[in-house]
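Student: predicted structure and sequence below. I'll ask about it afterward.
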Amino acid sequence: MEETEMKKRKTRIRWRRVCVAGIILMLVLKLLASFVMTAFEKRYEELGFGESAEETGTFITKPEKLTQNQVNAKLKKMAEQLPKIKEIYDNREQYSEHLLSLVCNNPEMADFVRNYNDAEHIAKGGLTRKEKMQKIPLLLQWDKRWGYVDYGDNVLGLSGCAPTCLSMVVIGLTGNDAMTPDKIAEFATQNGYYVKGTGTSWSIMTEGAEKLGVQGTQISLSRNQIKGELEKGHPIICSVGPGDFTTEGHFIVLTGYENGEIKVNDPNCRTRSTLWDYEELQGQIRNLWAFQKS
């Protein structure tokens, strides 16, 4: 009898040891996986995907139309501090004046412009873990994951602000992180929401959005209306004219209302993706749509 009890006790001890060892192994594997994912995310960004860590904010001001001489002068000045801009400046004859003007107004695009001539016009990669965790992710139209994909008369990185804004909203509201900017651009092209010579039709924000699982409603331009929609968790896409974000036309996303200011996701610029006063935005907004999940 005592021998039987002893065997049972030894068996229980062995099982406890196995369980403890199993738990330790699971924790080690979890830590290892976390380490590998962190290293992957870091490398992903170093390769030019997702958000770049390069400091360019000091050179970013209100965009302006520049002459060729002004472009050359501005590039030369930036090249003194930014290695990627120096490479572009030293080889400036290889790039169009339009591309050089864009990088002058937004040096965050340096990688995109630098690789423009040799890039494949295909999408590469999905969202990063950091982007998936954001309520409304900040996505950039010129990100190399999708920026070189053809869209309309150009590529997504140069003419895809509207699809990129809608991508942020659809992903944020539905959780469908497969709806990246290139997928929205493909949807827009296939369903007639890209107008040749004009750009993305405003109708994509209402009837087009419905087909993507979100409801877009045109709203009036007022602080109270914007504040109310954002406090209900309804992101707002704005069509804006010349001003702080563009010299011609552009789309941005309003994602939140914090301490009397409006949080903006600009698909063309991380630096401009920050808090803005309503008064700063008011005069630039041409139209706006609030979104909720269908």
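Tutor: Perfect, I can see it now. Model, not experiment: these values are computed from the prediction.

Student: the residue nearest in space to the middle of the chain: what's it in contact with?
Tutor: Taking C-alpha atoms, centre = their mean, the centroid of the chain lies closest to L139, which sits 0.6 Å from it. By C-beta atoms under 8 Å, 6 or more residues apart in numbering, L139 lies in contact with E131, T164, S167, M168, I171, T180, P181, N265, P267. Quick note: C-beta positions are derived from backbone N, CA and C, even for glycine.

Student: rebuild these as JSON lines, extending it with secondary structure.
Tutor: Shown next, in JSON lines, are these (DSSP: H, G, I helix; E, B strand; the rest coil):
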{"residue": "E131", "secondary structure": "helix"}
{"residue": "T164", "secondary structure": "helix"}
{"residue": "S167", "secondary structure": "helix"}
{"residue": "M168", "secondary structure": "helix"}
{"residue": "I171", "secondary structure": "helix"}
{"residue": "T180", "secondary structure": "coil"}
{"residue": "P181", "secondary structure": "helix"}
{"residue": "N265", "secondary structure": "strand"}
{"residue": "P267", "secondary structure": "coil"}
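
Student: biggest separation within these, which pair?
Tutor: By the measure C-beta to C-beta, T180 and N265 form the most distant pair in the contacts of L139, at 14.8 Å.

Student: pretty sure T174 is touching K293, no?
Tutor: Yes - using C-beta atoms under 8 Å, T174 is in contact with K293, at 6.0 Å.

Student: what residues do these two have in common as contacts?
Tutor: Shared between the contact lists of T174 and K293 (criterion: C-beta under 8 Å, 6+ apart) are residues G213, V214.

Student: quick check: mean pLDDT of the strand or helix carrying Q215?
Tutor: Per DSSP states H and E, Q215 falls inside strand 214-218. Mean pLDDT, computed over strand 214-218, is 98.

Student: in that strand, what's buried?
Tutor: By 16 or more other C-beta atoms under 10 Å, the buried positions in strand 214-218 come out as V214, Q215, G216.

Student: what of stretch 194-203?
Tutor: For stretch 194-203, by 16+ other C-beta under 10 Å, it's Y194, G199, T200, S201, W202.

Student: equivalent analysis for stretch 81-96, please.
Tutor: L82, K84, I85, K86, I88, Y89, R92, Y95.

Student: same check on stretch 224-244?
Tutor: In stretch 224-244, counting by 16+ other C-beta under 10 Å, buried: I226, E229, L230, H234, P235, I236, I237, C238, S239, V240, D244.

Student: that stretch spans what distance, first to last residue?
Tutor: Stretch 224-244 stretches 22 Å from its first residue to its last (C-alpha to C-alpha, to the nearest Å).

Student: and the buried residues of stretch 224-244, which is closest to Q282?
Tutor: Checking the buried residues of stretch 224-244 one by one against Q282 (C-beta to C-beta), the nearest turns out to be I226, at 9.5 Å.

Student: can I assume the closest one is in contact with P235?
Tutor: No - using C-beta under 8 Å, I226 is not in contact with P235; the gap is 10.8 Å.

Student: please enumerate the shared neighbours of those two.
Tutor: Overlap of the contact sets of I226 and P235 (by C-beta under 8 Å, 6+ apart) consists of L254.

Student: related to what we said a few turns ago, and the furthest pair within the buried residues of stretch 224-244?
Tutor: Greatest spatial distance in the buried residues of stretch 224-244: H234 and D244, 23.1 Å, computed using C-beta to C-beta.

Student: after the helix or strand bottoming out on mean pLDDT in the chain comes which helix or strand?
Tutor: Sorting the helices and strands of the chain by mean pLDDT, DSSP states H and E puts helix 2-46 at the bottom, at a mean of 53. Downstream of helix 2-46, the first helix or strand assigned by DSSP H and E is helix 68-79.

Student: moving C-terminal from that following helix, which element do we reach first?
Tutor: helix 83-90.

Student: against which helices or strands is that following helix packed?
Tutor: In terms of contacts (3 or more C-beta pairs under 8 Å, 6 or more residues apart in numbering; DSSP states H and E), helix 83-90 is packed against helix 68-79, helix 97-105, helix 110-114.

Student: what mean pLDDT does the strand or helix carrying G228 have?
Tutor: Using DSSP H and E, G228 maps to helix 223-231. Mean pLDDT, computed over helix 223-231, is 98.

Student: just name whatever secondary elements that helix is in contact with.
Tutor: Against helix 223-231 (3+ C-beta pairs under 8 Å, 6+ apart) you get strand 236-240, strand 250-258.

Student: got the ones you listed as TSV, with mean pLDDT columns?
Tutor: Output for the helices and strands packed on helix 223-231, formatted as TSV (pLDDT from 0 to 100):
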stretch	mean pLDDT
strand 236-240	99
strand 250-258	98
